[in-house]
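Trainee: Sequence and computational prediction follow.
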Amino acid sequence: KDGRTIQARIGASVLDVAQEHDMELEGACEGTLACSTCHCIFTQDLFDQLPPPDEEELDMLDLAAGLTDTSRLGCQVKITAAFAGHVISIPDEFNNLQ
């Protein structure tokens, strides 16, 4: 939303990095796959490089507001060197259906 460029630790989750940088990514369940409030939208190129989501993540994504073909939960995606130069979008709204 604000177009910031940030430094991220390799191996950290997208949720952890966003929270460390005071970005508006809630993560109400604290990364336990019990909500969809850390829903992020990835560029197609980066999305294609991510490991596939498991069934539990897909179930939670079904509850996410503004779901796209390149949506993932930030708590389930770990930062790698492939993230350099890519944009990750945080939707303006979310559903908290814990």
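Mentor: Okay, I see it.
Trainee: For the rest of this, base every contact and every neighbour count on C-alpha atoms.
Mentor: Fine.
Trainee: tell me which element Asp45 is part of?
Mentor: helix 44-47 (DSSP states H and E).
Trainee: How far off centre is that helix?
Mentor: Distance, stretch centre to chain centre, for helix 44-47: 13 Å (Cα atoms, centre = their mean, to the nearest Å).
Trainee: Equivalent analysis for stretch 20-32, please.
Mentor: How far stretch 20-32 lies from its chain's middle: 9 Å, per Cα atoms, centre = their mean.
Trainee: Flag every buried residue along it.
Mentor: Leu25, Glu26, Gly27, Ala28, Gly31 (16 or more other Cα atoms under 10 Å).
Trainee: and what of stretch 33-46?
Mentor: Applying 16+ other Cα under 10 Å to stretch 33-46 flags Leu33, Ala34, Cys35, Ser36, Thr37, Cys38, His39, Cys40, Ile41, Phe42, Leu46 as buried.
Trainee: what about the closest residue to Thr37 other than its chain neighbours, which SS state?
Mentor: Using Cα to Cα, 6 or more residues apart in numbering and skipping residues adjacent in sequence, the residue nearest Thr37 is Gly27, 5.2 Å away. Following DSSP: H, G, I helix; E, B strand; the rest coil, Gly27 is assigned to coil.
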